[in-house]
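Peer 1: Build me a model from this:
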Amino acid sequence: MSDKTRILDFLKHSGDSTLESIAKNLNIKINTLIELLKNMEVEKQINITYIDALKVEITKEGKIDIHEGFPEEKLLNEAKKSKLHISNVDGIALGWAKRNGWISIIDNHIKITEKGEHVESEGYKLKEVLTKLNKEDISTKELSELPTDILKILESRNLIVIKKSRMPDTISINDKSNSNINEISQLTRSMIKERLWEGAQFKRYDINAGSDITYPARMHPMRIFLNRIASIWVSMGFTEVKGPIIEPAFWNFDTLFIPQDHPSRDTQDTFFLSNPKDLDITDIELMSKFKKEHKRYWKYEMSEKISGMGVLRTQTTSVSARQMRIIGKSKDHEYPIKLFSIGKVFRNESIDYKHLAEFYQLEGLVVGPSLSLAHLIWIIKEFATNIGIDIKIRPSSFAFVEPGLEVYFYSERHKTNIELCGGGIIRKEITNSMGIKKPVLAWGMGLDRAIMDELKLDSITELYKNQLGWLRSVPDINGGLNV
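Peer 2: Here you go, the predicted structure:
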């Protein structure tokens, strides 16, 4: 006896029934039963009333956490065994353990709180709910009884994907139907050859029937965001420029008037290369000018050997330095000159929710007569308006600008101010050496932090995990940001 016949038999004897009742009595899996009922409804064998319900799918990352434990659980277990320094632990695990009140941080070391000591005996609510969701054929009733606040947390961590769906509520037999349960739904070669279709009843084709979810190809949300940022600067009259990722320290530091004993050049902040270890400086004239300026201002002899050391660029300001040299050597310009660049930069950072060893940075440059800090503030505010950020600006100090400023925005998700960019007016020691006699405005901003709140991420590391479930469900940000 086919499943359809069994369902009709059951409904004849039991009358109106529910999805769960049919599944339990006939031992049919919920997902299989739903498809059968939809087909039978199209065939007018049964009547179905629907209700709006939630459908939850566990992502690949969620299944890993079920079997291996949540990152914060692993951290807690490690902290119980030995004393941990915060620099040696995963940023996500640290954040959630603190949020749960399991740990406190004293002198940069983790200390387990009284609440953290009782986690194992009391159980972890997030894991309990995720384990229930992993149960095969979880009923609509069981799903509705799960705490919505926990479901939202699991969704924000990309452990589950929540979708709205229409679920069968009441199922009843259609007494007026004379449908043949054995009607043909698909013609085969043998049916045509043996003419079995003659006199048979064909299943009606329902163009409104449900179908499987498809996942078309799409760009990574970070690439969409970068394209959006570039289009904003182009619309403001800027031209995009590029520069090399591998630089000699001369272009990355010396031309930005950063002395060779500055802490930012330390191996704790910079990735120095072993191959190529040294790079040639071809612009001997510029090297000579900066050696004189460093000696005059910083009171030391600039080493050409240090200048030639190969580094992964720590800032896209090196692109601006190269462009300033091009502008200074050419006399045929229409002012103002407005340039921007977007690219990867690399810093030997301690990784946490807002720091990575590599990230995208945007660099801007404007050269023209009578430019002031007020012009720079207007430019940054105009850009911030375009991406929906409410910014705060305060004075600051950088080696290559005078005066300088820092720009922050408030993150509702993290309840704190996050630095967006720094900038100012390029020092005359730099512009004069480059051959530029007009004011130069410059600024640089980290783009990963700006996108973090828009996508409701707890850490910028999530942007680079290539989680398929998250990439499929992440919202479209082509229309702009609202952080």
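
Peer 1: tally of neighbours for the nearest residue to residue 215 once chain neighbours are set aside?
Peer 2: Closest residue to residue 215 in three dimensions, ignoring its sequence neighbours and counting by Cβ to Cβ, 6 or more residues apart in numbering: residue 472, at 5.0 Å. For glycine as for every other residue, the C-beta is placed from the backbone atoms N, C-alpha and C. When neighbours are defined as other Cβ atoms under 10 Å, residue 472 has 13 of them.

Peer 1: Check residue 472 and give its pLDDT.
Peer 2: Confidence at residue 472, expressed as pLDDT, is 79.

Peer 1: element containing it, please.
Peer 2: Residue 472 belongs to helix 468-473 when assigned by DSSP states H and E.

Peer 1: low-confidence ranges in the stretch 351-483 of the chain?
Peer 2: Low-confidence segments of the stretch 351-483 of the chain, defined by pLDDT under 70: 351-354, 414, 453, 475-483.

Peer 1: show me where it has strands.
Peer 2: With DSSP state E, counting those that start in this stretch as the criterion, the stretch 351-483 of the chain has strands at 358-367, 391-398, 401-411, 416-426, 440-446.

Peer 1: Go through the ones you listed and name the closest to residue 131.
Peer 2: strand 401-411 (31.6 Å; Cβ to Cβ).

Peer 1: List the buried residues of that closest one.
Peer 2: Under the neighbour-count criterion of 16 or more other Cβ atoms under 10 Å, strand 401-411 has 401, 404-409, 411 buried.

Peer 1: Pipe those into TSV and attach distance to residue 50 per row.
Peer 2: TSV is the format used below for the buried residues of strand 401-411 (distance: Cβ to Cβ, whole Å):
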residue	distance to residue 50
401	63
404	61
405	58
406	55
407	51
408	49
409	44
411	40
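
Peer 1: which of the residues you listed lies closest to residue 12?
Peer 2: Using Cβ to Cβ, the buried residues of strand 401-411 come closest to residue 12 at residue 411, 60.2 Å.

Peer 1: Is that closest one bridged to anything, and to what?
Peer 2: As for beta bridges, residue 411 partners with residue 416 under DSSP bridges.

Peer 1: What are the structural domain limits within this protein?
Peer 2: Following the assignment in automatic domain parsing, the chain carries domains at 3-59+129-193, 71-123, 221-245+313-473.

Peer 1: what's the most buried one of these?
Peer 2: With neighbours defined as mean count of other Cβ atoms under 10 Å, those peak in mean count at domain 221-245+313-473, which reaches a mean of 18.

Peer 1: Need the distance between the two termini of that domain.
Peer 2: This stretch, domain 221-245+313-473, spans 11 Å end to end (Cα to Cα, to the nearest Å).

Peer 1: ok, of the buried residues of strand 401-411, which one's closest to residue 337?
Peer 2: residue 401 (17.4 Å).

Peer 1: mind checking how far the residue nearest to that closest one when sequence neighbours are not counted is from residue 438?
Peer 2: For residue 401, ignoring the flanking residues on the chain, the nearest one in space by Cβ to Cβ, 6+ apart is residue 424 at 2.9 Å. Plainly put, residue 424 is 16 Å away from residue 438 if you go by Cβ to Cβ, to the nearest Å.

Peer 1: Equivalent analysis for residue 314, please.
Peer 2: Residue 314 is 27 Å from residue 438, by Cβ to Cβ.

Peer 1: One more: residue 118?
Peer 2: When residue 118 is compared with residue 438 (using Cβ to Cβ), they lie 66 Å apart.

Peer 1: and residue 311, helix, strand or coil?
Peer 2: Secondary structure, DSSP: H, G, I helix; E, B strand; the rest coil: residue 311 is strand.

Peer 1: Does it touch residue 269 like I think?
Peer 2: No - counting by Cβ atoms under 8 Å, residue 269 is not a contact partner of residue 311; they are 10.4 Å apart.

Peer 1: So which of these two has more stuff around it?
Peer 2: residue 311 (22 against 13).

Peer 1: picking that back up, out of the domains of the chain, nearest to residue 295?
Peer 2: domain 221-245+313-473 (11.3 Å).

Peer 1: next one: the closest one to chain centre, how far?
Peer 2: Put simply, domain 221-245+313-473 sits 19 Å off its chain's centre (Cα atoms, centre = their mean, to the nearest Å).

Peer 1: In this structure residue 26 contacts residue 10, no?
Peer 2: Yes - using Cβ under 8 Å, residue 26 is in contact with residue 10, at 6.1 Å.

Peer 1: Any chance of the backbone angles for residue 64?
Peer 2: Reported as degrees, to the nearest 10, the phi and psi values for residue 64 are phi -60, psi -40.

Peer 1: What's the local residue count around it?
Peer 2: By other Cβ under 10 Å, the residues close to residue 64 number 13.

Peer 1: What distance do you get for it to residue 130?
Peer 2: Taking Cβ to Cβ, one finds residue 64 at 11 Å from residue 130.

Peer 1: And residue 18, by the same measure?
Peer 2: Residue 18 is 26 Å from residue 130, where distance means Cβ to Cβ.

Peer 1: Residue 292 now?
Peer 2: Applying Cβ to Cβ to residue 292 and residue 130 gives a distance of 64 Å.

Peer 1: tally of neighbours for residue 276?
Peer 2: Residue 276: 12 neighbours (other Cβ under 10 Å).

Peer 1: Surely it is in contact with residue 244?
Peer 2: No - in this structure residue 276 lies outside contact range of residue 244 using Cβ under 8 Å: 11.8 Å.

Peer 1: Could you name the specific helix or strand carrying residue 4?
Peer 2: Here residue 4 is assigned to helix 3-14, by DSSP H and E.

Peer 1: Relative to the whole chain's centre, how far out is that helix?
Peer 2: 49 Å.
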